[in-house]
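> Need a 3D model of the sequence below.
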Amino acid sequence: MEGLLRRFRTTSAKLREILKEKGCREQWAKVQAEYSSNPVSFIEECCWIFNPDLVPATIPFKLYGYQKDFVLKLHAKYRQLDTSDKHHLLDEKTRQMGMSWLYMAFFLWAILFDPGFSGFVMSYKEDLVDDGGAESTKDSLLGKLRFMYEHLPERFAGLLRFKYLRVSNHRTGAYLVGSSANINAG
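Have a look, this model is predicted:
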C-alpha cells in the first residue's frame, strides 16, 4: 500500500498555483491528468469539508492514513486493479471517522474525471441522501457532495447539475443517483 501512496504524492503547492491561473492549457491538462488518476491528490488539494466542532468550521480535507488507505483500496476496486474478492470492499467504521465525507469526495472525483461513471448512494431515509437538490444541506450525503463541489477551485465551476436525488456532469454524462432503502431501491 505504501508504494501506491508514494505514487500518488504530488507537488501540491505547484498544482494549487496552476488551478488559480487562467489560460495555462498545457499545465491545466497536466493537473487534470494527475487528478484523473489520483483521487487522493484531488481530495487533499481541492476538497473542503465542514466540521461544526472547529473554528473555522470549513476546512481543507486532509486525509488521515486510514482514509488514504481506504481511498486507494476503493480506487483499485473501482478501476478493477484489485481483483481479489472482486465485488466486495469491507468498510468497517465507527461514527466521526469522516467516511460519509470521504465517500462523497470519491464520488465527486468520479463524476468529474470519469465520463463513464454511474453511481448509486442509499441510506435508510431519503432526507439523509438528499434534503433539497440544488439547495441541499451538509446534513445529507448529496448535500456534502454539493458543499465540496461549491468549494472547488473556479476551474471546476459549471460542470455539475444538482437535482433532487441526482447529480450529473452535463459535459460527460457521468452521474450519481440516490434513494432511500426501499423495495424499489437500486
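> SS state for residue 80?
Three-state assignment for residue 80 (DSSP: H, G, I helix; E, B strand; the rest coil): coil.
> so residue 48 bridges to which residues?
residue 60 (DSSP bridges).
> Pull up the gap between it and residue 133, please.
Here residue 48 is placed at a distance of 21 Å from residue 133 (CB to CB, to the nearest Å). Where C-beta positions appear, they are placed from N, C-alpha and C, glycine not excepted.
> Repeat that for residue 53.
Distance from residue 53 to residue 133, counting by CB to CB: 27 Å.
> Helices of the protein, start to end?
2-8, 12-20, 25-37, 39-46, 65-78, 99-113, 126-129, 141-150 (DSSP state H).
> Output those helices in CSV; the columns should cover mean pLDDT.
Shown next, in CSV, are the helices of the chain (pLDDT from 0 to 100):
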stretch, mean pLDDT
helix 2-8, 39
helix 12-20, 58
helix 25-37, 86
helix 39-46, 96
helix 65-78, 90
helix 99-113, 96
helix 126-129, 95
helix 141-150, 98
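> Quick check: which of those helices is nearest to residue 172?
With CB to CB as the measure, helix 99-113 is the member of those nearest residue 172 (8.2 Å).
> Tell me the gap between that closest one and the middle of its chain.
Centroid displacement of helix 99-113 relative to its chain, using CA atoms, centre = their mean, to the nearest Å, is 2 Å.
> All further residue positions should be reported with the first residue as 25.
From this message on, residue numbering opens at 25, which makes the last subject helix 123-137.
> Show me what it packs onto, helices and strands only.
helix 49-61, helix 63-70, helix 89-102, strand 142-147, helix 165-174, strand 190-193, strand 199-204 (3 or more CB pairs under 8 Å, 6 or more residues apart in numbering; DSSP states H and E).
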